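Enquirer: Please work out how this folds:
(2 chains)
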Amino acid sequence: MDIQTLTFLIVGATFVLYIAIAIWARAGSTNDFYVAGGGVPPVLNGMATAADWMSAASFISMAGLISFMGYDGAVYLMGWTGGYVLLALCLAPYLRKFGKFTVPDFIGDRYYSQTARTVAVFCAIFVCFTYVAGQMRGVGVVFSRFLEVDIVTGVLIGMAIVFFYTVLGGMKGITYTQVAQFCVMVFAYVVPAVFISIMLTGHILPQTGFGATLADGSGVYMLENLDRILVDLGFNEYTSGTKSTIDVFFITFALMVGTAGLPHVIVRFFTVPKVSDARKSAGWALAFIAIVYTTAPSLAAFARTNMIDTINGPDMQGTEYAEAPMWIKNWEKTGLIEWNDQNNDGKMFYSGDERNEMQVDRDIMVLANPEIANLPAWVIALVAAGGVAAALSTSAGLLLVISTSVSHDLLKRNFAPNISDKAELLYARMAAAIAILIAGYFGINPPGFVAQVVAFAFGLAASSFFPAIIMGIFSKRMNDKGAVAGMLAGITFTAAYIIYFKFINPAASVPENWWFGISPEGIGTLGMVVNFVVAFLVFKCTKDAPEEIQQLVESIRYPKGSGAASAH
Amino acid sequence: MAFRNDDDKVAYWKENLSLLVKLLVIWFVVSFGAGILFVDALNQIQFFGFKLGFWFAQQGAIYVFVALIFVYMAKMNALDKKYGVNEE
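Expert: Below you'll find the predicted structure:
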């Protein structure tokens, strides 16, 4: 069977599975819809959280990014996993004990303020929208490459599927579908990595193959070999970076804190029955995420080695274009690989200096990797199914937060407090449907700056939600004015810095112009500090939080007496 | 009041915070310490085929993170039992 047919079969089979699960786990009440009735076992919830978190960006782009960044790629690896430690230790158990549906609910109640709630709702909606637009694009890219349909059709198919199970199933349906998607995703990620690891180093585990000697009998370590090749070709050493230490520090911190502040990840911990389950669930989520995140850097290094090897040939003199492998021709059609024969010798050559003749888009590394390594067709089809699973699961989780924010936080808590459970559920479904349409529009007509917008979302989450929640739990006396002032100051500062360097004056975005050498990607860390400082100063000049709020804070600090998450 | 008395409540929170600080120090040392601030010094040390600092940044820190959460889970469950504030 050819790759085309296999891809149809495998992707089709996974779709049937997701839809069947969505129908089986249909939501009956708002409680089911928002937090799955609080009845999801922790290990399954951990898998669902992992699927929620691993977006098309981590699945498709991350290994590619690391592959070209070398050591600097660690900002993503540590940033996106380290945030879970903060989440598990500082947020998840307390928010679960608090027992409400959403993050704006917590902020609104803890700071006894409608303003705080509204600020939080708009942050949540904005953060989720920026994410979901990128995800829909991811689905489109995977479809258009492997099913050879155009990208619009790809996005439309994706929208239809997401619509089906978000709108029908709510959190309950999504949670169980995400468990299935997680399995597909991990399998699809690890299988090619294992194959390539065996080919290059003879190790089954990519994590140990990463630090092993090459299987060609030379006795040279894989990484040592890669460092040498790269230096010979005019690149930096793979194992040392080019970013400044302070920038790496700030970006990593912003990604960690941003992760811990993302509403669609936090809301996951409302879906387990008990506080102890929330702790356990975070542990399992990170354990599952770690499978992919420790495989990714190995895959990245293998891919770079293989790519250079196939393009430049074993003698590092370049290979004849006429004999180029299929994958180069395939990806040339998409415009993501380009060859420009500068010295007219008919040979392809890849390097980091003026000899370079190849333009390779970093986003293709994971998708092209199995083709580069000549793996069987079913592995290539599996990677396509994994990419689709990653994009769908994250979109579904984000859409749910958007619909909850609109129907629950905005309508029920602000404009129409008396609507019935049934009407609220209807509005939630309508909001999800509208959100899908808008996300689909951005998937078909992507703004040219998706990557920048994602950095924006992290910065915002880091500088707004995280400090407000932390102070809400660890300071009994922190008051509404401090929290609101802190959130507004943090967001404004971060947004202004990012907008200036990314949109108003992108040409000035070089290390010499950055404050303290911090790039816009890392500025969320400073925004978080601004938030804490402003909140503290305002708090010092105003009255403590009222007695009943202090008691509320005390009661979320121990697990006993947590019921299921409830509306109010 | 779920605690037997106010002293218990204060003691519980104190133990909780001290555990939190210990774990967060480890969290900081393996990632920001070994993986970023002292990466060049640690890179002088060979660890299998890796430079040690590079290994911490791209592998080691993640393993420690997973372990930290499970340690936290076990210790907190024990603490809840000790003070009688665990869920039935």
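Enquirer: Need the residue closest to the centroid of chain B.
Expert: Central residue of chain B (C-alpha atoms, centre = their mean): B:Leu23, 2.4 Å from the mean position.
Enquirer: what about that residue, helix or strand, and which?
Expert: helix B:6-28 (DSSP states H and E).
Enquirer: just to revisit the earlier point, A:Ala391 versus the residue nearest to the centre of chain B, what's the distance?
Expert: 34 Å (C-beta to C-beta, to the nearest Å). Heads up, the C-betas are built off the backbone N, CA and C, glycines and all.
Enquirer: follow-up on the earlier one: report the rounded mean pLDDT for the helix holding B:Leu23.
Expert: The pLDDT scores in helix B:6-28 average 94.
Enquirer: what does stretch A:296-307 give?
Expert: 92.
Enquirer: hmm, back to that, same for the next helix or strand after the helix holding B:Leu23, what does it pack against?
Expert: Scanning forward in sequence from helix B:6-28 by DSSP H and E, the next helix or strand is helix B:39-42. Contacts defined by 3 or more C-beta pairs under 8 Å, 6 or more residues apart in numbering or on different chains; DSSP states H and E place helix B:39-42 against helix B:52-55.
Enquirer: any residue of the helix it packs on up close to chain A?
Expert: Yes - for helix B:52-55 and chain A, the contact criterion (C-beta under 8 Å from any C-beta of the partner chain) is met by B:Phe54, B:Trp55.
Enquirer: Which elements pack onto that helix?
Expert: helix B:39-42.
Enquirer: Name the helix or strand for A:Phe466, please.
Expert: Secondary structure assigned from DSSP H and E places A:Phe466 in helix A:465-474.
Enquirer: buried sites along that helix?
Expert: By neighbour count on 16 or more other C-beta atoms under 10 Å in any protein chain shown, the buried set for helix A:465-474 is A:Phe465, A:Phe466, A:Pro467, A:Ala468, A:Ile469, A:Ile470, A:Met471, A:Gly472, A:Ile473.
Enquirer: May I have it exported as CSV, CA atoms only?
Expert: Only the C-alpha atoms of helix A:465-474 are listed here, as CSV (Å, rounded to 0.1, in the frame of the first residue of the first chain):
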residue,chain,number,x,y,z
PHE,A,465,-2.9,35.1,36.2
PHE,A,466,0.1,33.6,37.9
PRO,A,467,0.9,36.3,40.5
ALA,A,468,-2.8,36.9,41.2
ILE,A,469,-3.5,33.3,42.0
ILE,A,470,-0.3,32.8,44.0
MET,A,471,-1.0,35.8,46.2
GLY,A,472,-4.6,34.7,46.5
ILE,A,473,-3.4,31.4,48.1
PHE,A,474,-0.3,32.3,50.0
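Enquirer: Does that helix pack against any helices or strands, and if so which?
Expert: Using 3+ C-beta pairs under 8 Å, 6+ apart: helix A:465-474 touches helix A:103-110, helix A:114-146, helix A:245-261, helix A:480-499, helix A:523-541.
Enquirer: what's the angle from it to helix A:480-499?
Expert: On the basis of axes from the mean of the first three to the mean of the last three C-alpha atoms, to 10 degrees, helix A:465-474 is oriented at 160 degrees to helix A:480-499.
Enquirer: elements contacting the helix holding B:Leu23?
Expert: Judged by 3+ C-beta pairs under 8 Å, 6+ apart, helix B:6-28 is in contact with helix A:74-86, helix B:61-82.
Enquirer: List the buried residues for the last one?
Expert: Yep, that's helix B:61-82 we're talking about. Residues B:61-70, B:72-73, B:75-77, B:79-80 are the ones in helix B:61-82 that count as buried (16+ other C-beta under 10 Å).
Enquirer: That one near chain A anywhere?
Expert: Yes - Helix B:61-82 lies within reach of chain A by C-beta under 8 Å from any C-beta, at B:61-63, B:65-66, B:68-70, B:72-73, B:76-77, B:80.
Enquirer: Show me what that helix is in contact with.
Expert: A:77-78, A:81-82, A:84-85, A:88-89, A:93, A:276, A:279-280, A:282-283, A:286-287, A:290, A:293-294, A:558-560, B:12, B:15-16, B:19-20, B:23, B:26-27, B:30-31, B:34-35, B:86-87 (C-beta atoms under 8 Å, 6 or more residues apart in numbering or on different chains).
Enquirer: average model confidence for that helix?
Expert: Averaged over helix B:61-82, pLDDT sits at 95.
Enquirer: And the shortest one, by the same measure?
Expert: Averaged over helix A:74-86, pLDDT sits at 91.
Enquirer: and if you look at stretch A:141-160?
Expert: Mean pLDDT, computed over stretch A:141-160, is 75.
Enquirer: next one: that stretch to chain centre, how far?
Expert: Distance, stretch centre to chain centre, for stretch A:141-160: 21 Å (C-alpha atoms, centre = their mean, to the nearest Å).
Enquirer: Give the buried residues for that stretch.
Expert: A:141-147, A:151, A:154-159.
Enquirer: end to end, how far does it reach?
Expert: By C-alpha to C-alpha, to the nearest Å, the extent of stretch A:141-160 from end to end equals 16 Å.
Enquirer: got a list of contacts for it?
Expert: Contacts with stretch A:141-160, where a contact means C-beta under 8 Å, 6+ apart, come from A:3-4, A:7-8, A:11, A:56, A:60, A:136-137, A:139-140, A:334, A:363, A:367, A:380-381, A:384, A:387-388, A:391-392, A:395, A:436-437, A:439-440, A:443-444.
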